[in-house]
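Q: Here you go, sequence then predicted model.
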Amino acid sequence: MFRAPIITICVAFLLICSSEAKPNGKNKKAKQVVPDIECDVRAGKISYPEFIVRCPTSCRETKQRVYGTGVFASISSICNAAIHSGVITNAGGKVIVKKMAGQSDYKGSAANGVRSLSLPNWRESFTVEVGKPKKGVIYPSTLDYTPSKPTTVKTSQKEAKASPVSTAFPVTAAPEPITTTLPEPTTISTTVSTTTTTTTPPPTTPTPSTTTTKPRAAVHKVRDAGVRRPEAGATIRRQPSVPSSPAFNRVQLVQPERNQHTVHSNPNFARREWPNPAHARPDWLSGPRRTSDISNSEPDRGYTWTEVDTGNSAAPDPRPDISEYERWSYNFGQYPPRPAEADTSRKLLPETGHTRVEPVEVWKPEANPFDSGFNIREQDSLPRAPEPVSQGDPNCKVDIAFLMDGSWSIGKRRFKIQKDFLAEVSQVINVGVAGPMMGIIQYGDDPVTEFSLRQYSSSKDLKPAIDKIVQKGGLSNVGKALSYLNKHYFSDANGNRGGAPNVAVVLVDGWPTDKVEEASRLARESGINIFFVTIEGPDDNEKHNVVEANFVDKAVCRTNGFFSLPVASWFALRKAVQPLVKRVCDTDRLVCSKTCLNANDIAFVIDGSSSVGTGNFRTVLQFVANVTREFEISDTDTRVGAVQYTYEQRLEFAFGQHNTKADLLNAIKRINYWSGGTSTGAAITYAAEQLFSKSKPNKRKIMIVITDGRSYDDVRAPALAVHRSGVIAYSIGIAWAAQDELEYIATDPDRDHSFFVDEFDNLYKYVPKIIHNICQEFNSQPRN
């Protein structure tokens, strides 16, 4: 009688369990979380090569700058670039951003209420498209910003705490190769509350292959076996050997971040061998004296190679038939053996300024502490002098990158000579945050960053880092290395300081195996001063083997001999240390640091006559601001001055009066309309006297005259005078301006320096043209 109820209960229980266990249709896919950004966020500030964001409303009113059309420079606002391309409207929306390599000649245009500007070149570009991810693609739910300028990012939901998960996205501009150990090619994306693994990689996203990292020293022991460069007297040169296994081609270790060590190398303080007045130095203490006060230090004597400086001494050459110098050359003994008395005397020399100053324990164990009136506790509590921090040589403030030759043709011995050369340069140049900063790229088939500019901030830390560099092998592709340097190396993330000149020193064994002219030209136009140190360059019998004739003159900053340093043999390379350091530190002659955007004194001569009117005058000021905004503004970069004229003239502001772009734009905005007649000739003379007479000798003098009518006085004689003084004059005529006067004012050829618009509202169209002409004229200067 109880069987039926029991069966009913069991069936109901099974139905409930099955309904809970049964999935509701297909498994739901992870929802794409789209992070919100502000209107002013630039693509270059986000480290991902491809990502999705949501733009807010009314970005068009913020007038954030955009450079380019279709393909934008990475300093452009993402949201305004998307509005300009028609991907979103001013109401905001989702945008997918894809980064790509930098390019030259970004074209400005007006579209969808956003005016984009032109740019001669930039190191990184991006495109935008509608924010609808493809099937199976999950983009990052949060954004990773570059550390130079962190920006607050709003996310649509709070992030849930999750276990550490690595997100594999490609890094297109990574300065160093990265070895990953993912077990299989999958893309793992972290969402807000769930972790989803998809097997479809993001578009154009190469999946990193699994690589097992082995010690580099062991790898290159295999490389070096049987790979030698023919010595002197050989008839065949530059026949690069191929490693026995392709597994040894690309495996590189990521250089770890090192702790900064303090060094003492301040040339402003004289070092003296005065004893510390408070504590006498014990007679039984051996070794060189260590000072605990920077003011009592001896002068910096520079750096020399000695047995003490290196941890590995070379074995002596068993052959008795060669000289001491040849023994050093072939076996890397840095000096011939010294007699015992020489070593003894050398031990008593004080330390140079490149060693860390440490306080010395001066308490004598055999002395009675009560005799001097001090107890042990008091002596232990005596304050110690802080270790001085090296600031570097302020007279040599440059950002310098060495491109070292790692090709197979160089051989093991010469590669070691090259490293010793770079180590000595790093000591002589006195690296520090207030002086020079140094990094190294090794090139072969492809370039690789050994360490960036910001990785080591003292000469002491650089020497062991250089010693650990392992030869890469391959060909001598210098052109590819220069292109990599220009696009990736001198960036804010790598430690580029902006105010310091960029210098690249290329070490070449013989000659490059690719062409260097085009890559060098782009690097020079980006403001990089290129030096070439050619060791054992091609002789007359070998020039037919060179890929590109006169490659040095085509590559260096100037062809006047200052930027090229030929060295007859590898064993004479160390003699080039002092000449090279002297040249790279001569910042007045690093002319390639000057670009078309940072090397000008620009004077705007503005018509304030009655025919202009208040409204049109504000349009003219907007045109002046748009031109100014394209340049790098500071007291050492481009400077801007302005003159307003009617019958009379008024200096609105002089060169160097406003040394930041924000201050300068505000000063332009505050210019008041004057009203009166039109005396353009007198205004040109006034600008020459009040502005260009105070121009710096290393600046290009540019005058931009804006007028809307015929002048009451003669313009030919004043214009001719400023032309003869080296001023490059542009004339902008509006409405009733006289064409013949515009041509008199403008520098020849007139078609490149004289422009006419029928109404004030069309002035903005000539901003890109003027910038382009200024840069084209600058870059076409002869390199001598």
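A: Okay, I see it.

Q: how long is stretch 469-476 end to end?
A: Distance between the two ends of stretch 469-476: 17 Å, counting by CA to CA, to the nearest Å.

Q: Likewise for stretch 648-658?
A: 24 Å.

Q: Can you give me the buried ones in that stretch?
A: Neighbour counts using 16 or more other CB atoms under 10 Å place 649, 650, 652, 653, 654, 655, 656, 657, 658 of stretch 648-658 among the buried residues. C-betas here are computed from N, CA, C, even on glycine.

Q: Report the contact partners of the nearest residue to residue 696 once chain neighbours are set aside.
A: Counting by CB to CB, 6 or more residues apart in numbering, residue 696 lies nearest to residue 601, which is 6.7 Å off, once chain neighbours are set aside. Shown in contact with residue 601 (CB atoms under 8 Å, 6 or more residues apart in numbering): 638-641, 655, 691-692, 695-696, 699-702.

Q: and which of these is nearest to residue 768?
A: Closest approach between the contacts of residue 601 and residue 768, by CB to CB: residue 702, at 16.2 Å.

Q: Bridge partners for that closest one, pull those for me.
A: residue 602, residue 728 (DSSP bridges).

Q: Let me know the pLDDT of it.
A: Residue 702 carries a pLDDT score of 96 in this model.

Q: Quickly note the distance from it to residue 456.
A: Distance, residue 702 to residue 456, by CB to CB, to the nearest Å: 40 Å.

Q: Who has more neighbours out of these two?
A: residue 456 (27 against 23; other CB atoms under 10 Å).

Q: Nearest residue to that one in space, ignoring adjacent ones along the chain?
A: Residue 456's closest residue in space is residue 462 (CB to CB, 6+ apart), at 4.9 Å.

Q: My guess is the one you found contacts residue 426. True?
A: Yes - the pair residue 462 / residue 426 is scored as a contact, 4.1 Å apart, by CB atoms under 8 Å.

Q: what do those two both touch?
A: Common contacts of residue 462 and residue 426, defined by CB under 8 Å, 6+ apart, comprise residue 438.

Q: Just the buried residues of the longest strand anywhere in the chain, please?
A: Using DSSP state E, we find that the single longest strand of the chain is strand 93-106. Buried positions in strand 93-106, judged by neighbour count with 16+ other CB under 10 Å: 93, 94, 95, 96, 97, 98, 99, 102, 103, 106.

Q: Sheet-wise, list the partners of the helix or strand that it is followed by with their directions.
A: Later in the chain than strand 93-106, the nearest helix or strand by DSSP states H and E is strand 110-111. Here strand 110-111 is paired, per DSSP bridges, with strand 114-115 (antiparallel).

Q: what does the partner strand contact?
A: Contacts for strand 114-115 (CB under 8 Å, 6+ apart): 60, 66, 80, 83, 84, 108, 109, 764.

Q: which of these sit farthest apart?
A: Across those, no pair lies farther apart than 83 and 764, at 17.6 Å, counting by CB to CB.

Q: Please identify which of these two sits among more neighbours.
A: residue 83 (28 against 18).

Q: that older thread, among the contacts of residue 601, which ones are in strands?
A: Short answer: the contacts of residue 601 in strands (DSSP E) are 639, 640, 641, 700, 701, 702.

Q: Nearest spatial neighbour of the fifth one, chain-adjacent residues omitted?
A: Read that as residue 701. residue 727 (4.5 Å).

Q: And for that neighbour, the neighbour number?
A: Residue 727: 22 neighbours (other CB under 10 Å).

Q: and if you look at the one 5 residues further on?
A: Other residues lying near residue 732 total 28 when counted by other CB under 10 Å.

Q: and it, what does it touch?
A: Per CB under 8 Å, 6+ apart, neighbours of residue 732: 623, 704, 705, 706, 707, 755, 756, 757, 763, 766.

Q: One more pass at 10 Å, please.
A: By CB atoms under 10 Å, 6 or more residues apart in numbering, residue 732 lies in contact with 604-607, 620, 623, 627, 704-708, 742, 745-746, 753-757, 763, 766, 770.

Q: In strands, which of the residues you listed fall?
A: 604, 605, 606, 607, 704, 705, 706, 707, 754, 755, 756, 757.

Q: Give me the local confidence score for the closest residue to residue 640 other than its chain neighbours.
A: Of all residues not flanking residue 640 in the chain, residue 602 sits nearest, at 5.0 Å (CB to CB, 6+ apart). Per-residue pLDDT puts residue 602 at 97.

Q: And residue 602, how far from residue 687?
A: In terms of CB to CB, residue 602 sits 11 Å off from residue 687.

Q: hang on, isn't residue 414 packed against residue 408?
A: No - counting by CB atoms under 10 Å, residue 414 does not reach residue 408; the two are 11.1 Å apart.

Q: more crowded one of those two?
A: Neighbours per residue (other CB under 10 Å) separate residue 414 from residue 408, with residue 408 holding more: 25 against 20.

Q: quick one: that one from residue 536, how far?
A: Residue 408 is 15 Å from residue 536, by CB to CB.

Q: now swap in residue 519 and tell me
A: 23 Å.

Q: next one: residue 776
A: Counting by CB to CB - residue 776 and residue 536 are separated by 39 Å.

Q: more neighbours, those two?
A: residue 536 (22 against 13).

Q: Am I right that residue 488 is in contact with residue 449?
A: Yes - counting by CB under 10 Å, residue 488 touches residue 449, with 7.9 Å between them.

Q: Compare neighbour counts for these two and give me the winner.
A: Neighbour tally, residue 488 and residue 449, criterion other CB under 10 Å: the higher count belongs to residue 449, 24 against 21.
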